[in-house]
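> Pasting a predicted model and its sequence here:
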Amino acid sequence: MVIRGIRKNLYEPLCKALLERAQLEPLSASFTVTMQIDGEELVLRLQPDSHHRLVILQALLIERQGGAPRVTLITDGPSLSAYLGILLEQTLRRCRAS
């Protein structure tokens with residue numbers, strides 16, 4: 001789990017943009033966002049925090065080659081931090097473009 005503080009003026013637009021592309025689950029405080037990095041599919045489990053922070057709980061790396069997909073659970077801090085940073089940058093870039 002990694003917690004990232006978000007500047008107050010960016011927090012609301014960022015959460016709104018993330019929720020627009022997220023998969024929500026009933027009765028859950030977290031949501032799932034799928035993203036592509038270098039042709040790899042990643043599924044990120046995120047949870048917004050009331051103190052202008054975003055928490056990444058875990059990530060799944062999905063490799064689709066041939067038959068059934070191979071799924072790897074990622075929970076180490078440095079990887080989660082990097083994935084969250086990439087997601088935030090992509091999302092903020094989209095917010096600024098629209």
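Right, received. Where do you want to start?

> residue ranges of the helices in this structure, please?
Ranges of helices in the chain, per DSSP state H, are 8-21, 77-97.

> so residue 45 touches residue 73, yeah?
No: taking contacts as Cβ atoms under 8 Å, residue 45 lies outside contact range of residue 73: 10.3 Å. (Each C-beta comes from the backbone N, C-alpha and C, glycine too.)

> any residues in contact with both of these two?
Shared contacts of residue 45 and residue 73, defined by Cβ atoms under 8 Å, 6 or more residues apart in numbering, are found at 58, 59.

> more crowded one of the two?
residue 45 (18 against 8; other Cβ atoms under 10 Å).

> tell me the contacts of the closest residue in space to that one that isn't next to it in sequence?
Leaving out its chain neighbours, the residue that sits closest to residue 45 by Cβ to Cβ, 6 or more residues apart in numbering is residue 57, at 4.4 Å. Shown in contact with residue 57 (Cβ under 8 Å, 6+ apart): 1, 30, 45, 46, 47.

> repeat for residue 3
Applying Cβ under 8 Å, 6+ apart, the residues near residue 3 are 49, 53, 54, 55.

> so what's it bridging to?
Beta bridges link residue 3 to residue 55 when assigned by DSSP bridges.
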